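Colleague: With the input below, show me the fold.
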Amino acid sequence: MFILIGIMAILSCQNTGENKESKNKTVQNKILQQPDGTISLKVEKADCYQDAVNPSSNTAEWNVKVSKSGRFDVWLSSATKDTTDLKYINSVMLSILDNRIEAHPACDKIIRNSSDVSFPYFRADSFIGSLYIQDTGLYNIQLISEKIILKDIKKGASADAENSRLLSVFLTPITR
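Modeller: Numbering: from 1, shown residues only. Sure, this is the predicted structure:
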């Protein structure tokens, strides 16, 4: 009996150490807000989860250190071959605490010769809404979209995935 209790105590101590390590890793991998207040979130730097059966639940998550609170416009950048239609089947959902934006991205701005993409792609920016971040501190930002496609998975992706993919999210401060 005492041996079983001793083994459980050792295992629980090991689990606690692993949790502390993962929390420290989270804090180390945080994205910092730029001096002008912009928050730039690249999909390639996110923790991504992909579902091959149901890509509409593909998720990217970032830990962000907000140093300047306020109201932000939220923009998505996509790589696309078709500058008239991004071919998003489902709406995109962005969550930060109790704030949630859900929108169907459109081609609001086309950026030619962007360093973010190479031929035959163009960068298309889409305005999806605005949100208010009341306090400074560490936040988890989550984005859900079928267009979150990891580069190594992209090779086996469908034709729709080859036409466009999500590159990044920008939260730009609204000034008065």
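Colleague: contacts, neighbours, all on C-alpha from now
Modeller: Noted.
Colleague: Can you pull the poorly scored residue ranges out of this structure?
Modeller: 1-28, 151-161, 176 (pLDDT under 70).
Colleague: What residue spans form the domains of it?
Modeller: Following automatic domain parsing, one finds the domains of the chain at 1-30, 33-173.
Colleague: now residue 65, which residues is it bridged with?
Modeller: residue 32, residue 138 (DSSP bridges).
Colleague: For the chain, just list every one of the strands.
Modeller: Under the criterion DSSP state E, the chain contains strands at 31-32, 39-42, 47-49, 59-66, 70-80, 92-96, 99-103, 109-111, 122-133, 137-144, 164-173.
Colleague: Geometric centre of the protein: which residue is closest?
Modeller: residue 60 (3.9 Å; CA atoms, centre = their mean).
Colleague: Distance of it relative to residue 67?
Modeller: 22 Å (CA to CA, to the nearest Å).
Colleague: what's the answer for residue 132, then?
Modeller: Per CA to CA, residue 132 is found 14 Å from residue 67.
Colleague: burial count for residue 49?
Modeller: When neighbours are counted by other CA atoms under 10 Å, residue 49 registers 16.
Colleague: Now it. Nearest residue, chain neighbours left out?
Modeller: Using CA to CA, 6 or more residues apart in numbering and skipping residues adjacent in sequence, the residue nearest residue 49 is residue 59, 5.1 Å away.
Colleague: Residue 101 too?
Modeller: That would be residue 94: by CA to CA, 6+ apart, it lies 5.2 Å from residue 101.
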